[in-house]
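S.K.: Next one to model:
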Amino acid sequence: MTTITTRTVEYPADGLTMIGHLALPAGVNRRPAVLLGPEGIGLSDVERRRADALAELGYVALAFDLHGGRYLGDPEEMLARCLPLLADPDRMRRVGHAALDVLRTEPRTDPDRIAAIGYGTGGAIALELGRDGVSLRAIGTVNGFTTGRPGEAARIHCPVWAGVGSEDPIMPPAQRDAFTAEMQAAGVDWRLAVYGGALHAFHHPPVGHPVVPGVAYHPRHAQRAWRDVVDLLAECLPVTEDLGHGSAKRAGARH
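M.R.: Purely as a prediction, here's the structure:
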């Protein structure tokens, strides 16, 4: 396994001081980079481990913050903050751009080779960056997609991959259909993976606090979704050097 380095980064966004997690691969040269967004509960060790796994693959990875360093384990508090955010595309874009600016200014980042991956609210933010015309190499979102404002999906100029559980009540078939219709009408290179029997946030290991209804971990599909994300990056944002891809891929799949 390659040696990586990590550090916290503070930056302003949404009226808060955000505290992100930056993971850097071994070496000193510039590398492709991945912006990684968390579920609505906020940045946790789950996303930090995923960023670390991406750094092991050779990427600069920034797991960004949503709540000013807080993790919202109270479902009512989480919904009270996230639902207005998800209803405001411009606010989502500001949150995303603030994190993207941090990633772009990291000296190890190749600013012309960046992808955005997110889960839940973080995935919706990744999509809004694409709809805002940000130059990305790929966008990936797991159980986090909203339908954008009319015509703005045409600004997405990279492949989009989305994953969702077939039994997810928060992202039901009608919402999935609206999203894919938007992508298709805009001429986006899109894919949707539906994981049979999985609920919302199926990728996220169990947490020690109440969750909203319709959330459950599905370990087999969690591993598959991680592999799908890694494969998306390998296709659209390849790392030219062999840096122990297999071991890091397995490490990420466990989280």
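S.K.: and residue 82, what is it in contact with?
M.R.: Neighbour list for residue 82: 40, 66, 121 [criterion: C-beta atoms under 8 Å, 6 or more residues apart in numbering]. (C-beta placed from N, C-alpha, C; glycine too.)
S.K.: what about the longest strand in the protein?
M.R.: strand 109-119 (DSSP state E).
S.K.: Could I have the CA atoms of the following helix or strand past that one written out in CSV?
M.R.: Once strand 109-119 ends, the next helix or strand along the chain (criterion: DSSP states H and E) is helix 121-131. Output of helix 121-131 as CSV, limited to C-alpha atoms (Å, rounded to 0.1, in the frame of the first residue of the first chain):
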residue,chain,number,x,y,z
THR,A,121,-26.5,15.9,-0.4
GLY,A,122,-22.9,15.8,-1.5
GLY,A,123,-23.9,14.1,-4.7
ALA,A,124,-26.5,16.7,-5.4
ILE,A,125,-23.8,19.4,-5.0
ALA,A,126,-21.5,17.6,-7.4
LEU,A,127,-24.3,17.6,-10.0
GLU,A,128,-24.9,21.3,-9.5
LEU,A,129,-21.3,22.0,-10.1
GLY,A,130,-21.7,20.3,-13.5
ARG,A,131,-24.9,22.3,-14.2
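S.K.: Can you list the buried residues in helix 121-131?
M.R.: Neighbour-count burial for helix 121-131 flags 121, 122, 123, 124, 125, 126, 127, 128, 129, 130, 131 (criterion: 16 or more other C-beta atoms under 10 Å).
S.K.: same for that helix, what does it pack against?
M.R.: In terms of contacts (3 or more C-beta pairs under 8 Å, 6 or more residues apart in numbering; DSSP states H and E), helix 121-131 is packed against strand 31-37, helix 75-86, helix 89-105, strand 109-119, strand 138-142, strand 160-165.
S.K.: do that again at 6 Å, thanks
M.R.: Under the contact criterion of 3 or more C-beta pairs under 6 Å, 6 or more residues apart in numbering; DSSP states H and E, helix 121-131 touches strand 31-37, helix 89-105, strand 109-119, strand 138-142.
S.K.: measure stretch 202-212 end to end?
M.R.: One end of stretch 202-212 to the other measures 13 Å (C-alpha to C-alpha, to the nearest Å).
S.K.: Quick check: chain neighbours aside, which residue is closest to residue 130?
M.R.: Sequence neighbours aside, residue 156 is the residue nearest to residue 130 in space, at 4.0 Å (criterion: C-beta to C-beta, 6 or more residues apart in numbering).
S.K.: In a strand, residue 191, correct?
M.R.: Yes. Counting by DSSP: H, G, I helix; E, B strand; the rest coil, residue 191 is located in a strand.
S.K.: remind me which residues of the chain are low pLDDT?
M.R.: 1-2, 241-255 (pLDDT under 70).
S.K.: give me that answer again for 50
M.R.: 242-255 (pLDDT under 50).
S.K.: centroid residue for it?
M.R.: residue 118 (1.4 Å; C-alpha atoms, centre = their mean).
S.K.: Was I right to think that one contacts residue 126?
M.R.: Yes. With contact defined as C-beta atoms under 6 Å, residue 118 counts as touching residue 126 (4.0 Å).
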